[in-house]
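*Asks:* need the 3D shape of this:
(chains A and B)
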Amino acid sequence: MILYAIAVGALNIALCLLLGPYFEGMSRKYVKANIAHSRVGPLTGPLQPFIDLLKLFGKEDLETGGFLQRFAPILAMGAVLMCALLTPMGGPAPFEFGGDFIVLLYFLGLISVAIVMGSIAGGSSYTMSGGLREVMGLLLIDIAMAVAFITVMVNTRSMRISDWVVWQSAAGPNFSMVLAGIPILLLLPAQFGKLPFDTPEADQELMGGPFADMSGRKLALFKWALLAKGFVVASLFVQVFVPWPVTPWFAANLAIHVAKVLVVFVLVGVGEALFPRLRIDQALRYYAMLFVIGAMAVVLAYLSA
Amino acid sequence: MTGQELIQKIRVELDGACLDIEEPRPGQVYVTVAPDRIVEATRRIVDRFDARFLITAGVDSRRMTVPMAGSPRMGVVNSFVASHIFAIDPDHLFLTLRAILDRERPRMSTITEIVPGAKWAENEIQDLVGVAVDGHPDPRRLVLPDDWPDGIYPLRKEVPHNLRPEPDTSKRPIPIEPPEGASVLPIGPFYPVLEEPAYFRVFVKGETVVGCDYRGFYNHRGIEKLADATLTYNQVPFLAERICGICGFIHSTAYVEATETAIGVRAPRRARIIRTLLLELERVHSHLLWLGIAGHIIGFDTVLMQSWRIREPVMWLAEYITGHRKTYGMNIVGGVRKDITREMFGRILEVLDKVEKESVAVVRAIDGDTSLEARLKDVGRLLYDDARAICVVGPTARGSGVAIDARIDHPYSAYDEIIPKKMVHPEGDVWARTVVRLEELLDSIRLIRESIAALESAPDSEISLHLADVPAGCEGLCVVEAPRGESIHYVLTGDDNRLERWRVRAPTYPNLQAVPVMIQGGSIADVPISIGSYDPCFSCTERMEVVDIEAGSTRVLRGDDLLRLSRGESAR
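*Replies:* Got it, this is the predicted structure:
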């Protein structure tokens, strides 16, 4: 059991850290550059995010914010890795226990907290405004997501993610599950920190917002953490809402899972290419609308239960 | 109303205040009043004729030896002259109201109470010519650097064009304090979205903008001084073309046509049609360029990449016609340097067809895009009254319902026969400005086709005049409609076969002054697109200087050095 946890834990972490940037690179090269922009894009193809990260790791690291600023990216990366250990990716998650979803939610929130921490440490008006926007988003995005997941809990009468996966692949989907899946799917670009919801970073308005004062290793670690986070939230969505087909072989399940996550990355890339950045008030209204849809799903699940 | 009728009416209106009045060139009326009557005269002209302020030209004519053509009765002026230039658009007239100021202590009163848009023009005459403006609402420096020593006025004739005075390090910029409870969000001094030097200090409460302060002119290059100090008439067009990296041909056309007006000649019809064709070609690529940047500002890079892809063949076409993709080098006083021959028509039309087809597709896509509307509608609002008061120009004016277009109101080149449509939308928001520019993009393609048809029917003739020496003391004015608004060039010829004064006003000059109104009450997210919506063109740098403080030596990095360095940087 412990051996399984260690092996799958290592596998999950490797998937997030390697495929997160790689899929981002694929979406950037093939969806954004080649299709949407009619341009060649990075010559190194999907490997470009790794090259960017490597380059950032080697750059001079300017210190503007003391301990808090140094700690924030480490906290973010730590939180993402914890999420990776709690999320099933093809097989059962390395750590699973009753109520593990609450812990996962906590760690997802901690990533945003790390971003806010880094922006407060930066202390310029750009990082402050970016941090403020991140807080506003955190309140609505995570709550809207949690509400939609309550539907799943009501349906499955469990707070254990592996139970959800089993229930959905065997008994689902019912109407309330489909309805709950919509806000989760539509919140994914915001979870990825991608356009049209990259309001906290908003390069053209806030020059990178929370990350405006970061450079070198700190920035690289943050960027890597966020790319890995994309893989985690995509995995969560794919496992809980579209777990099919389930095969008896671990390797096949894993391959299918990875392919589905890639589709999510592609969808997020398409959204990025099709929409301009929303203003923070418009983004908040959008999250609020998804919150309402999630709440409707919960009511529906109660009524039909 | 003709120029002569205007003269009659002004004589009545200004009564005894009018010292001299003349129409030396058709449609260009010059009125001279005493310095203490200039405010009163401005009020009457604005009230009575609905005159629109263009710019103020300050001239140091203390060393001039001939009278100005616009004021022959005043004799040789021998002093400073301040000219407020107005346009009376419905009657296709320019009206210059001027006063001859004191030779030792030039002063005049501000007209900003009547024309708020004259604020910067008066700052500028104060900074550069040293005319003290009494009652100015914001007398801080505008054009000169903050550490420029007092008492040196670059446009005075005794100041050499290459003077580099010791900086007065005791002086500091004077910022405006933000209102109570607001914090400052600095945008600049290097404006990061457009990668140009401009410094907005935006005052915000949370996400809401409550005010702003602007400091710019970091790259004022002294082009006017350089021209009237060192260049001959036919060298200036090539300098004029380098005022702007986008509407270069517009500036060179404005200069040569102003000079032609001053001399009293007109370029041959064929040359004027060629100018029109190139002007419209420049409009097409500029509109597409702006559209891309506007998309980029709101994070919509798909629009940026696609509109710039569509734009590229236009640049190749310009290279095919003139030999250069951007800085054409076609204009000289009295005509153009290269003909557009019959063999070129086919390729031009072919490119136009492709660009039109793709532009129409982009316009249709933008037209129905609700997420774009959400970002652009009711954003950066500038209402009609403010637009008139600040005297904004181009799509910024037409997007606020001010129906002005120099191509129609004050025809130049061949716009008397190739007639554009005036695109006016009253909403005054970023969306309206976008729609105006998209409509003009398609209209420009039509105008290029008409220019080609006109060239086909025009007989092969000379494309430039042979000009003798240019007489001194002649004045000319030309307003050319750039894609982003009017470029105004005022020319006063000198007696050493060189310009006495060349006054250039680019369209961003008035439009930039409207920014505080546009962003007031909006959110931070709307600031970049509001500023971007009028297509600002702060300035361009062509080289960089490295100063080694310890060794005290300087090294100039040129284009290829920068290229090598940046390639090295990205290869790391």
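
*Asks:* how many residues are close by A:Ala255?
*Replies:* 13 (other CB atoms under 10 Å in any protein chain shown). Just so you know, the C-beta spots here come from the backbone N, C-alpha and C atoms, and that holds for glycine as well.

*Asks:* so how far is the helix or strand harbouring it off the chain centroid?
*Replies:* Element membership for A:Ala255, per DSSP states H and E: helix A:250-274. Relative to the chain's own centre, helix A:250-274 is displaced by 13 Å; criterion: CA atoms, centre = their mean, to the nearest Å.

*Asks:* ok, residues contacting that helix?
*Replies:* By CB atoms under 8 Å, 6 or more residues apart in numbering or on different chains, the surrounding residues in contact with helix A:250-274 are A:15, A:19, A:23-24, A:26-28, A:31-32, A:35-37, A:89-91, A:185, A:188-189, A:192, A:194-196, A:230-231, A:234-235, A:237-239, A:242, A:245-247, B:301-302.

*Asks:* can you list the buried residues in that helix?
*Replies:* Residues A:253-254, A:256-258, A:260-262, A:264-265, A:267-273 are the ones in helix A:250-274 that count as buried (16 or more other CB atoms under 10 Å in any protein chain shown).

*Asks:* CA atoms only for the helix or strand bottoming out on mean pLDDT in chain A - export them in CSV, please.
*Replies:* Lowest mean confidence among the helices and strands of chain A (mean pLDDT, DSSP states H and E): helix A:203-206, at a mean of 76. This file holds the C-alpha atoms of helix A:203-206, laid out as CSV (Å, rounded to 0.1, in the frame of the first residue of the first chain):
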residue,chain,number,x,y,z
ASP,A,203,0.2,42.2,-18.8
GLN,A,204,-1.1,45.3,-20.6
GLU,A,205,-2.7,46.8,-17.5
LEU,A,206,-0.7,45.7,-14.5
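
*Asks:* please see if it touches chain B.
*Replies:* Yes: using CB under 8 Å from any CB of the partner chain, we find that helix A:203-206 touches chain B at A:Asp203, A:Gln204, A:Glu205, A:Leu206.

*Asks:* interface residues of the stretch 201-350 of chain B facing chain A?
*Replies:* By CB under 8 Å from any CB, the residues of the stretch 201-350 of chain B that approach chain A are B:206-207, B:295-302, B:305-306, B:309.

*Asks:* try 10 Å this time
*Replies:* Proximity of the stretch 201-350 of chain B to chain A, by CB under 10 Å from any CB of the partner chain, involves residues B:202, B:204, B:206-207, B:294-306, B:308-310.

*Asks:* let me know the pLDDT of B:Glu550.
*Replies:* Note on B:Glu550: pLDDT of 58.

*Asks:* element containing B:Phe238, please.
*Replies:* Going by DSSP H and E, B:Phe238 is part of helix B:236-240.

*Asks:* helices and strands around that helix, which ones?
*Replies:* If you count contacts as 3 or more CB pairs under 10 Å, 6 or more residues apart in numbering or on different chains; DSSP states H and E, helix B:236-240 packs onto helix B:223-230, helix B:248-263, strand B:331-332, strand B:485-493, strand B:499-505.

*Asks:* could I get these as CSV with distance to B:Ala182 and mean pLDDT?
*Replies:* Formatted as CSV, these follow (distance: least, CB to CB, whole Å; pLDDT from 0 to 100):
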stretch, distance to B:Ala182, mean pLDDT
helix B:223-230, 37, 88
helix B:248-263, 39, 93
strand B:331-332, 48, 92
strand B:485-493, 31, 92
strand B:499-505, 33, 91
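
*Asks:* relative to B:Asn78, which of those is closest?
*Replies:* strand B:499-505 (13.0 Å; CB to CB).

*Asks:* and the closest one, what's buried?
*Replies:* For strand B:499-505, by 16+ other CB under 10 Å, it's B:Leu499, B:Glu500, B:Arg501, B:Trp502, B:Arg503, B:Val504, B:Arg505.

*Asks:* do stretch B:3-12 as well
*Replies:* Neighbour counts using 16+ other CB under 10 Å place B:Gly3, B:Leu6, B:Ile7, B:Ile10 of stretch B:3-12 among the buried residues.

*Asks:* in JSON lines: those residues, plus pLDDT, distance to chain A and secondary structure.
*Replies:* Shown next, in JSON lines, are those (pLDDT from 0 to 100; distance: CB to the nearest CB, whole Å; DSSP: H, G, I helix; E, B strand; the rest coil):
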{"residue": "B:Gly3", "pLDDT": "87", "distance to chain A": "48", "secondary structure": "helix"}
{"residue": "B:Leu6", "pLDDT": "91", "distance to chain A": "47", "secondary structure": "helix"}
{"residue": "B:Ile7", "pLDDT": "90", "distance to chain A": "51", "secondary structure": "helix"}
{"residue": "B:Ile10", "pLDDT": "89", "distance to chain A": "49", "secondary structure": "helix"}
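
*Asks:* now do the helices in the stretch 101-250 of chain A.
*Replies:* A:125-156, A:161-170, A:175-192, A:203-206, A:216-241, A:250-274 (DSSP state H, counting those that start in this stretch).

*Asks:* what about B:Asp50, neighbour count?
*Replies:* If we define neighbours as other CB under 10 Å, then B:Asp50 has 13 of them.

*Asks:* the closest residue to it other than its chain neighbours and B:Val159, how far apart?
*Replies:* Leaving aside its sequence neighbours, B:Asp50 sits nearest to B:Ile88 (CB to CB, 6 or more residues apart in numbering or on different chains; 7.1 Å). For B:Ile88, the distance to B:Val159 equals 35 Å [CB to CB, to the nearest Å].

*Asks:* go on, B:Ile273?
*Replies:* B:Ile273 sits 42 Å away from B:Val159, going by CB to CB.

*Asks:* the more surrounded of the two?
*Replies:* Using other CB under 10 Å, the more surrounded residue of B:Ile273 and B:Val159 is B:Ile273, with 26 against 17.

*Asks:* the more buried one contacts B:Ile452, correct?
*Replies:* Yes: at 8.9 Å, B:Ile273 and B:Ile452 qualify as touching, with contact defined as CB atoms under 10 Å.

*Asks:* in the least confident helix or strand of chain A, which residues are buried?
*Replies:* Per 16+ other CB under 10 Å, helix A:203-206 contains these buried residues: A:Asp203, A:Gln204, A:Glu205, A:Leu206.

*Asks:* now those in CSV, with distance to B:Gly75?
*Replies:* Output for those, formatted as CSV (distance: CB to CB, whole Å):
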residue, distance to B:Gly75
A:Asp203, 61
A:Gln204, 57
A:Glu205, 58
A:Leu206, 60
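
*Asks:* quick check, nearest of the residues you listed to B:Ser461?
*Replies:* Set against B:Ser461, the nearest of the buried residues of helix A:203-206 by CB to CB is A:Gln204 (50.0 Å).

*Asks:* show me what contacts that closest one?
*Replies:* A:277, B:192-194, B:296-299, B:525, B:527-529, B:532 (CB atoms under 10 Å, 6 or more residues apart in numbering or on different chains).

*Asks:* neighbours of whichever residue of the stretch 301-450 of chain B sits closest to chain A, how many?
*Replies:* Per CB to the nearest CB, B:Met305 is where the stretch 301-450 of chain B lies closest to chain A, at 3.6 Å. B:Met305 has 20 neighbouring residues, counting by other CB under 10 Å.

*Asks:* now it. Its backbone dihedrals?
*Replies:* Main-chain dihedrals, B:Met305, degrees, to the nearest 10: phi -70, psi -40.

*Asks:* now do A:Ser124
*Replies:* For A:Ser124, the backbone dihedrals (degrees, to the nearest 10) come out as phi -90, psi 170.

*Asks:* that one against A:Phe211, yeah?
*Replies:* No: the criterion here is CB under 10 Å, and A:Ser124 misses it with A:Phe211 at 11.4 Å.

*Asks:* sweet, I'm off.
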